[in-house]
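In: Predicted coordinates and the sequence they were generated for:
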Amino acid sequence: MRYTGPKARRVRRQGFNIYGSDKYDRILQKKPYPPGMQAASRTGKVKLSEFGKQLLEKQKACYMYGITDKQLRAIYAEASRTIGNTDAMMHGMLERRLDSTVYRAGFATTRLQSRQFVSHGLFTVDGVRVTIPSFRVKAGQKVKVRVQRKSSPVFAPILTAHEKYTPPDWIVADPVALSFEVRALPVEEKHFEKGVDMRKVIGFYSR
């Protein structure tokens, strides 16, 4: 079942801005403790078991990338079958989601917004309209806003913000053309989301 409660409560529970919006940074600054646990948190009496830490990290990854437990478990299963570092594989698969790359390119202010954009068919990949946020991009592919959508007023504030934003070097963005190219695949040392400890996620699923 999709969560419909206050997002700020989730953010405070995680102690991390999982949604990316500036307002959640302000909420964390004002209330840097979990909801309903102010006194215990301040005195350091709240201690999680290793399982609790793994569960919290798994939830954080799901919330941050906007995916379900089932989807994340499938990514873990695929990564664990692939030769290489499993946590790096998982991170790479998540970053290469189309909604995530649209966000990284600076054509959405949050991953939630980028997921909505993709679901509504605003983007094409190599000229083909894609409406699946989990679509995994490859090096060399070009992503563009559909011609019919370029005049949408939704992109005006995003392009203004883009003037102060520099995409990661594996993405080459052209804000004038509302397009970007996946120049290479993201690498662990430079591009992965630092807010998620994927090793704890792996520990949760490998129990």
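Out: Perfect, I can see it now.
In: which residues sit against the host helix or strand of residue 91?
Out: Element membership for residue 91, per DSSP states H and E: helix 86-95. By CB atoms under 8 Å, 6 or more residues apart in numbering, the surrounding residues in contact with helix 86-95 are 61, 65, 67, 75-76, 78-80, 82, 100-101, 104, 136, 185-186, 188, 191-193, 196, 198-199, 201-202. Yep, even glycine has a C-beta here, placed from its N, CA and C like the rest.
In: moving C-terminal of the helix or strand bottoming out on mean pLDDT in the chain, what's the next helix or strand?
Out: Least confident helix or strand, the chain: helix 38-42 with a mean of 49, by mean pLDDT, DSSP states H and E. For helix 38-42, the succeeding helix or strand toward the C-terminus, using DSSP H and E, is helix 50-65.
In: avg pLDDT for the very next helix or strand once past that following helix?
Out: Sequence order places helix 69-80 as the next helix or strand after helix 50-65, per DSSP H and E. For helix 69-80, mean pLDDT is 96.
In: for stretch 123-141, same thing?
Out: 97.
In: buried sites along it?
Out: For stretch 123-141, a neighbour-count test (16 or more other CB atoms under 10 Å) marks 123-125, 130, 133-135, 137, 141 as buried.
In: Show me which pair in these is furthest apart.
Out: Pairwise distances among the buried residues of stretch 123-141 were taken by CB to CB; the largest, 16.5 Å, belongs to 124 and 134.
In: Please give me every residue in contact with the residue nearest in space to the middle of the chain.
Out: When CA atoms, centre = their mean is applied to the chain, the residue found nearest the centroid is residue 65 (3.5 Å). By CB under 8 Å, 6+ apart, the residues touching residue 65 are 72, 94, 97, 100, 111.
In: neighbours around the first one, how many?
Out: Residue 72 has 21 neighbouring residues, counting by other CB atoms under 10 Å.
In: Against residue 146, how distant is the nearest residue to residue 168 once chain neighbours are set aside?
Out: In space, and not counting its chain neighbours, residue 168 is closest to residue 191: 5.1 Å by CB to CB, 6 or more residues apart in numbering. According to CB to CB, to the nearest Å, residue 191 stands 27 Å off from residue 146.
In: ok, these two, which is more surrounded?
Out: More crowded of residue 191 and residue 146, by other CB under 10 Å: residue 191, with 18 against 14.
In: can you give me the strands in this structure?
Out: Along the chain, the segments classed as strands by DSSP state E run 123-125, 128-129, 142-145, 171-174, 179-182.
In: Turn those strands into JSON lines, including distance to residue 90.
Out: Formatted as JSON lines, the strands of the chain follow (distance: least, CB to CB, whole Å):
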{"stretch": "strand 123-125", "distance to residue 90": "22"}
{"stretch": "strand 128-129", "distance to residue 90": "26"}
{"stretch": "strand 142-145", "distance to residue 90": "22"}
{"stretch": "strand 171-174", "distance to residue 90": "20"}
{"stretch": "strand 179-182", "distance to residue 90": "19"}
